[in-house]
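Participant: sharing a model that was predicted from the sequence below.
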Amino acid sequence: MLRLPIQGLQDGQASVNLMANVRDIDGIFPEFSGEITLTGTIRKVGKRYSFKGEATCMATMICDRTLNEFTEKIIATVTADFLADTQVYLMQAEEKDGEMTIIRDDELFIDLSNEVRQELALSLPMKRVAPEFRDKEWEDIAPEIATGIDDRWKALKGLTFNN
(Lines give C-alpha, C1' and ligand atoms only; values in the text may rest on other atoms or scores of the structure.)
Protein backbone atom coordinates (compact mmCIF):
# COMPACT_ATOMS: atom_id res chain seq x y z
CA MET A 1 0.00 0.00 0.00
CA LEU A 2 1.03 3.55 -0.61
CA ARG A 3 -0.16 5.15 2.61
CA LEU A 4 0.67 8.76 3.29
CA PRO A 5 0.74 9.66 7.01
CA ILE A 6 -1.37 12.74 7.75
CA GLN A 7 -1.72 12.69 11.53
CA GLY A 8 -0.25 15.89 12.92
CA LEU A 9 0.31 17.37 9.45
CA GLN A 10 0.24 21.16 9.71
CA ASP A 11 -1.32 23.49 7.14
CA GLY A 12 1.07 24.08 4.28
CA GLN A 13 3.08 21.90 1.94
CA ALA A 14 5.23 18.85 2.61
CA SER A 15 7.36 16.56 0.44
CA VAL A 16 6.28 12.97 -0.15
CA ASN A 17 8.57 10.01 -0.92
CA LEU A 18 6.89 6.61 -0.70
CA MET A 19 7.79 3.16 -2.01
CA ALA A 20 5.80 -0.07 -2.23
CA ASN A 21 6.19 -3.42 -3.90
CA VAL A 22 3.74 -4.02 -6.76
CA ARG A 23 2.55 -7.17 -4.96
CA ASP A 24 1.18 -4.88 -2.23
CA ILE A 25 -1.11 -3.01 -4.65
CA ASP A 26 -4.38 -4.88 -5.24
CA GLY A 27 -5.49 -5.13 -8.86
CA ILE A 28 -2.32 -3.77 -10.46
CA PHE A 29 -1.72 -4.90 -14.04
CA PRO A 30 0.60 -7.91 -14.42
CA GLU A 31 2.98 -5.91 -16.63
CA PHE A 32 4.29 -4.06 -13.57
CA SER A 33 7.11 -5.48 -11.47
CA GLY A 34 9.44 -4.45 -8.69
CA GLU A 35 8.94 -1.29 -6.69
CA ILE A 36 6.60 1.63 -7.19
CA THR A 37 8.09 4.98 -6.24
CA LEU A 38 5.75 7.86 -5.46
CA THR A 39 7.22 11.36 -5.11
CA GLY A 40 5.49 14.70 -4.88
CA THR A 41 3.94 17.14 -2.46
CA ILE A 42 0.96 17.09 -0.14
CA ARG A 43 -0.73 20.38 0.61
CA LYS A 44 -3.02 20.77 3.60
CA VAL A 45 -5.43 23.66 4.03
CA GLY A 46 -7.82 23.18 6.93
CA LYS A 47 -9.50 19.83 6.34
CA ARG A 48 -8.50 19.61 2.68
CA TYR A 49 -5.54 17.62 1.40
CA SER A 50 -4.20 17.81 -2.16
CA PHE A 51 -1.51 15.51 -3.49
CA LYS A 52 0.42 16.15 -6.71
CA GLY A 53 3.29 13.99 -7.83
CA GLU A 54 4.69 11.18 -9.97
CA ALA A 55 4.59 7.43 -9.70
CA THR A 56 7.28 5.35 -11.43
CA CYS A 57 7.45 1.61 -11.94
CA MET A 58 9.06 -0.85 -14.34
CA ALA A 59 6.77 -2.66 -16.78
CA THR A 60 7.57 -5.73 -18.84
CA MET A 61 5.79 -5.74 -22.20
CA ILE A 62 5.80 -7.59 -25.52
CA CYS A 63 6.92 -5.58 -28.55
CA ASP A 64 4.12 -5.28 -31.13
CA ARG A 65 6.64 -5.31 -33.98
CA THR A 66 9.05 -8.08 -33.00
CA LEU A 67 7.20 -10.02 -30.27
CA ASN A 68 10.31 -9.66 -28.10
CA GLU A 69 9.90 -8.94 -24.40
CA PHE A 70 11.24 -5.62 -23.15
CA THR A 71 11.22 -3.67 -19.91
CA GLU A 72 10.57 0.04 -19.66
CA LYS A 73 10.07 2.59 -16.88
CA ILE A 74 6.51 3.92 -16.76
CA ILE A 75 6.00 7.38 -15.29
CA ALA A 76 2.52 8.56 -14.31
CA THR A 77 1.28 11.89 -12.99
CA VAL A 78 -0.86 11.42 -9.90
CA THR A 79 -3.19 14.02 -8.41
CA ALA A 80 -5.72 13.43 -5.65
CA ASP A 81 -7.87 15.60 -3.41
CA PHE A 82 -9.30 14.61 -0.04
CA LEU A 83 -11.64 16.21 2.48
CA ALA A 84 -11.56 15.14 6.13
CA ASP A 85 -15.19 15.30 7.24
CA THR A 86 -16.57 12.42 9.32
CA GLN A 87 -20.23 13.51 9.01
CA VAL A 88 -20.11 13.62 5.21
CA TYR A 89 -18.05 10.42 5.21
CA LEU A 90 -20.74 8.57 7.18
CA MET A 91 -23.52 9.89 4.93
CA GLN A 92 -21.75 9.02 1.68
CA ALA A 93 -20.04 5.78 2.77
CA GLU A 94 -16.78 6.56 0.91
CA GLU A 95 -18.46 7.74 -2.30
CA LYS A 96 -16.64 10.38 -4.27
CA ASP A 97 -17.90 13.93 -4.08
CA GLY A 98 -16.92 14.98 -7.60
CA GLU A 99 -13.16 14.65 -7.75
CA MET A 100 -12.66 14.82 -3.98
CA THR A 101 -12.54 11.73 -1.78
CA ILE A 102 -14.15 12.08 1.63
CA ILE A 103 -12.20 10.63 4.57
CA ARG A 104 -12.80 10.56 8.31
CA ASP A 105 -11.47 13.39 10.48
CA ASP A 106 -9.50 10.90 12.57
CA GLU A 107 -7.73 9.13 9.67
CA LEU A 108 -4.04 8.50 10.27
CA PHE A 109 -3.19 7.87 6.60
CA ILE A 110 -4.36 8.68 3.11
CA ASP A 111 -4.12 5.59 0.91
CA LEU A 112 -2.98 6.61 -2.59
CA SER A 113 -2.76 3.02 -3.88
CA ASN A 114 -5.93 3.21 -5.98
CA GLU A 115 -4.96 6.50 -7.65
CA VAL A 116 -1.44 5.23 -8.39
CA ARG A 117 -2.74 1.91 -9.79
CA GLN A 118 -5.16 3.69 -12.11
CA GLU A 119 -2.68 6.28 -13.36
CA LEU A 120 0.06 3.69 -14.00
CA ALA A 121 -2.41 1.57 -15.97
CA LEU A 122 -3.41 4.58 -18.07
CA SER A 123 0.25 5.41 -18.68
CA LEU A 124 1.03 2.07 -20.33
CA PRO A 125 1.58 2.68 -24.05
CA MET A 126 -1.19 1.54 -26.38
CA LYS A 127 1.36 0.68 -29.05
CA ARG A 128 4.07 -1.29 -27.33
CA VAL A 129 7.27 -1.03 -29.33
CA ALA A 130 10.67 -1.81 -27.85
CA PRO A 131 12.82 1.35 -27.64
CA GLU A 132 15.41 0.05 -30.12
CA PHE A 133 12.71 -0.33 -32.83
CA ARG A 134 10.73 2.89 -32.35
CA ASP A 135 12.59 4.89 -34.99
CA LYS A 136 12.92 2.05 -37.51
CA GLU A 137 10.76 1.21 -40.49
CA TRP A 138 9.41 -2.29 -41.09
CA GLU A 139 11.96 -2.83 -43.87
CA ASP A 140 14.80 -2.23 -41.38
CA ILE A 141 13.37 -4.64 -38.81
CA ALA A 142 12.55 -7.59 -41.11
CA PRO A 143 14.08 -7.06 -44.56
CA GLU A 144 13.46 -10.69 -45.56
CA ILE A 145 9.71 -10.19 -45.13
CA ALA A 146 9.45 -6.64 -46.39
CA THR A 147 11.24 -7.21 -49.71
CA GLY A 148 8.06 -7.88 -51.61
CA ILE A 149 5.56 -10.48 -52.65
CA ASP A 150 6.58 -14.11 -52.91
CA ASP A 151 6.85 -15.07 -56.61
CA ARG A 152 4.19 -17.74 -56.17
CA TRP A 153 1.60 -15.05 -55.39
CA LYS A 154 2.42 -12.64 -58.25
CA ALA A 155 -0.17 -14.27 -60.53
CA LEU A 156 -2.91 -13.08 -58.19
CA LYS A 157 -1.99 -9.43 -58.83
CA GLY A 158 -3.40 -9.72 -62.32
CA LEU A 159 -6.86 -10.81 -61.21
CA THR A 160 -9.71 -8.39 -61.83
CA PHE A 161 -13.26 -8.62 -60.64
CA ASN A 162 -16.09 -7.43 -62.87
CA ASN A 163 -19.58 -7.02 -61.52
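Facilitator: It's in.
Participant: use CA for all of it now, contacts and neighbours both
Facilitator: Will do.
Participant: contact partners of stretch 31-44?
Facilitator: Contacts with stretch 31-44, where a contact means CA atoms under 8 Å, 6 or more residues apart in numbering, come from 9-22, 49-61.
Participant: just the ones in strands from those residues, please.
Facilitator: Among the contacts of stretch 31-44, the members falling in strands (DSSP state E) are 12-21, 49-61.
Participant: quick one, strands of the protein?
Facilitator: Taking DSSP E to define them, one finds strands in the chain at 3-5, 12-21, 32-45, 48-62, 69-84, 96-97, 100-103, 109-111.
Participant: looking at the ones you listed, which has the lowest confidence?
Facilitator: Mean pLDDT is lowest for strand 96-97 among those, at a mean of 50.
Participant: just the buried members of the ones in strands among the contacts of stretch 31-44?
Facilitator: 20, 49-59, 61 (16 or more other CA atoms under 10 Å).
Participant: most widely separated two among the residues you listed?
Facilitator: Using CA to CA, these span at most 35.1 Å, a distance reached by Y49 and M61.
Participant: out of the strands of the chain, which comes closest to K154?
Facilitator: Among the strands of the chain, the nearest to K154 by CA to CA is strand 48-62 (33.3 Å).
Participant: quickly note the distance from S50 to R104.
Facilitator: The span separating S50 from R104 equals 15 Å under the rule CA to CA, to the nearest Å.
Participant: what's the answer for D24, then?
Facilitator: With the distance defined as CA to CA, D24 ends up 23 Å from R104.
Participant: the nearest residue to K47 once chain neighbours are set aside pairs with what?
Facilitator: Nearest non-adjacent residue to K47, counting by CA to CA, 6 or more residues apart in numbering: A84, 5.1 Å away. Counting by DSSP bridges, A84 is bridged to I103.
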